[in-house]
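Colleague: Provided below are the primary sequence and the corresponding predicted coordinates.
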Amino acid sequence: MAGILFIISAPSGSGKSTLVSELRKQVSGVDFAISWTTRSPRGSEENGREYNFTTREEFERMIDEGVFLEYAEVFGHFYGTARQSLEEARNAGHDLLLDIDVQGGAQVRAKMPEAVSIFVLPPNPKVLRTRLRNRSRAEGVVNEAELYRRLSEASKEIENYREYGYILVNDILDRAVAQLEAIVLAERFYRNGEAIAYRSRRVLEVAAACLQMNAHERLKPVLEAFGIDGRSGGQQLLFGEDQDDD
């Protein structure tokens, strides 16, 4: 049975890595493509677990050799997904999850339009700022200039939500995990005819509610919080320092 390619994108700090980790605990037959990067490991990260860490020179050599399905430069570092991950998942008949940014997502969708695309949104700038700051503290470094840059970049990334088939708002982790699980099971049902053993109708309803075309009311307050006009996608404002941090 052919596996399904899932693309998951989100601004840094939105919690998509946690969602993917929880999904893989609950749903079998889902492989995760470990990205390559030229940045240094953070905190407790280990080579081959969170990322495959390499040098810029080696990454550029891999680009020249056509190793990557997609790659992009983000915040001064390269990130990429090796084609081998897709080949291995296909050979095993497994689904494959790509945790990639909007640049990489666009590349993969252009090459593989059949991929299922999911965009994860933080509920508002305050929550995103808190998550980013907590993550920086856990890594032992809090750089306010870098934090502000990531917040500003998040608003630009969120404008790309229209390019994705499904939208998740990660405000309550358990609910977001259940929604992501429903999306995977629903896509397996529709594409491969795989039965949904437990509350199938409810699972399909949850997945359908996450479709971008059905998520307008859920999206509206989130987009407004980030200063984005949901009708045109234009950014109306940047993050102000007068917003509450705590």
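Modeller: Sure, I can see it.
Colleague: hey, where'd the strands end up in this protein?
Modeller: Assigned by DSSP state E, the chain shows strands spanning 5-9, 30-32, 36-37, 52-53, 68-74, 77-82, 95-99, 116-121, 166-169.
Colleague: What are the buried residues along the helix ranked longest in the chain?
Modeller: The residue-count maximum for a helix in the chain (DSSP state H) belongs to helix 173-192. By neighbour count on 16 or more other CB atoms under 10 Å, the buried set for helix 173-192 is 176-189. C-beta: built from backbone N, CA, C; applies to glycine.
Colleague: In TSV, list the residues you listed along with pLDDT.
Modeller: Shown next, in TSV, are the buried residues of helix 173-192 (pLDDT from 0 to 100):
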residue	pLDDT
A176	97
V177	97
A178	96
Q179	97
L180	97
E181	96
A182	96
I183	97
V184	96
L185	95
A186	95
E187	96
R188	94
F189	93
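Colleague: And the residues you listed, which is closest to V20?
Modeller: Nearest to V20 among the buried residues of helix 173-192 is L180, at 7.9 Å by CB to CB.
Colleague: which residue sits closest to Q84, ignoring its sequence neighbours?
Modeller: Leaving aside its sequence neighbours, Q84 sits nearest to V67 (CB to CB, 6 or more residues apart in numbering; 7.7 Å).
Colleague: Flag every buried residue along stretch 155-170.
Modeller: 155, 157-161, 164-170.
Colleague: of those, the lowest pLDDT goes to which?
Modeller: Ranked by pLDDT, these bottom out at S155, which has 84.
Colleague: what separates it from Q107, distance-wise?
Modeller: The gap separating S155 from Q107 is 22 Å, by CB to CB, to the nearest Å.
Colleague: Now for the closest residue to A176 other than its chain neighbours: which residues touch it?
Modeller: Leaving aside its chain neighbours, A176 sits nearest to N170 (4.5 Å; criterion: CB to CB, 6+ apart). Residues near N170 by CB atoms under 8 Å, 6 or more residues apart in numbering: A10, S14, G15, K16, L19, V120, L121, P122, P123, A176.
Colleague: Could you dump these into a markdown table with distance to E224 added?
Modeller: Converted to a markdown table, the contacts of N170 look like this (distance: CB to CB, whole Å):
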| residue | distance to E224 |
| --- | --- |
| A10 | 18 |
| S14 | 17 |
| G15 | 20 |
| K16 | 22 |
| L19 | 23 |
| V120 | 18 |
| L121 | 12 |
| P122 | 14 |
| P123 | 11 |
| A176 | 20 |
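Colleague: List just the nearest of those residues to P41.
Modeller: Comparing the contacts of N170 against P41 with CB to CB picks out K16 as the nearest, at 19.0 Å.
Colleague: correct me, but the closest one touches F6?
Modeller: No - if you go by CB atoms under 8 Å, K16 and F6 don't touch, sitting 11.3 Å apart.
Colleague: ok, back up a step: now for the buried residues of stretch 155-170, which pair is the farthest apart?
Modeller: Put simply, by CB to CB the two of these set farthest apart are S155 and G165, 21.6 Å from each other.
Colleague: re the thing from before, any idea which of the buried residues of stretch 155-170 is closest to S35?
Modeller: Using CB to CB, the buried residues of stretch 155-170 come closest to S35 at E157, 16.7 Å.
Colleague: do you know how far the closest residue in space to that closest one that isn't next to it in sequence is from D174?
Modeller: Closest residue to E157 apart from its sequence neighbours, by CB to CB, 6+ apart: P11 at 4.7 Å. Distance of P11 to D174, computed by CB to CB: 21 Å.
Colleague: ok, now A10?
Modeller: Taking CB to CB, one finds A10 at 18 Å from D174.
Colleague: What ranges in the protein fall below the confidence cut-off?
Modeller: Counting by pLDDT under 70, the chain contains low-confidence ranges at 1-2, 138-140, 142, 197-199, 230-246.
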